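Asker: next input, structure requested:
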Amino acid sequence: MDRRTFLLTSAAATASGPLFAAAGEAYSPGLVKKMLSEGKTVFIDFYTDWCTTCKRQERVIGALRSENPEYEAINFVAINFDKYGREELSRELGIPRRSTLVVLTPNGEIGRIVAGTSTADIKALMDKALNAATA
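Answerer: Now for the predicted structure:
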């Protein structure tokens, strides 16, 4: 691949946002609270486009979702921390930084990972979300 093709491809990938946001739901203020009021389990990814840890988390989540279609019972939401990191939801949840993954149910938070990229840890969090979503 020549340099020009690489740069154009990289720019397009960055502009498209997180990998699993396309498969999940893009955040807008009030979305998570609405989902919770409907009794849904919500897996939230607080990411930034420039964060390498976030990119690794997205790849792991995407791979796990493609391996197990049962994860579709979970409502995935991606929240751009650069844009919404100081928003009410982020403050209420005490989100310390980008690359934070949180699972919420109508009864409250059931798990969180901060800056972790371990496939086993992320799978365990997703399994916890799946159990809550299908209970």
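Asker: quick check: which element contains the residue nearest to G116 when sequence neighbours are not counted?
Answerer: The spatially closest residue to G116, leaving aside those adjacent along the chain, is I122, at 7.0 Å (C-beta to C-beta, 6 or more residues apart in numbering). Every residue, glycine included, has its C-beta placed from N, CA and C. Element membership of I122, judged by DSSP states H and E, is helix 119-134.
Asker: helices or strands next to that helix in the packing?
Answerer: Contact partners of helix 119-134 among helices and strands, from 3 or more C-beta pairs under 8 Å, 6 or more residues apart in numbering; DSSP states H and E: strand 42-47, helix 52-67, strand 100-105, strand 108-114.
Asker: starting at the chain centroid, how far to it?
Answerer: From the chain centre to the centre of helix 119-134 is a distance of 13 Å (C-alpha atoms, centre = their mean, to the nearest Å).
Asker: list the buried residues of it.
Answerer: Applying a neighbour-count criterion of 16 or more other C-beta atoms under 10 Å, the buried positions in helix 119-134 are I122, K123, L125, M126, K128, A129, L130, A132, A133.
Asker: in a markdown table, list the residues you listed along with pLDDT.
Answerer: Formatted as a markdown table, the buried residues of helix 119-134 follow (pLDDT from 0 to 100):
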| residue | pLDDT |
| --- | --- |
| I122 | 97 |
| K123 | 98 |
| L125 | 98 |
| M126 | 97 |
| K128 | 98 |
| A129 | 98 |
| L130 | 98 |
| A132 | 97 |
| A133 | 97 |
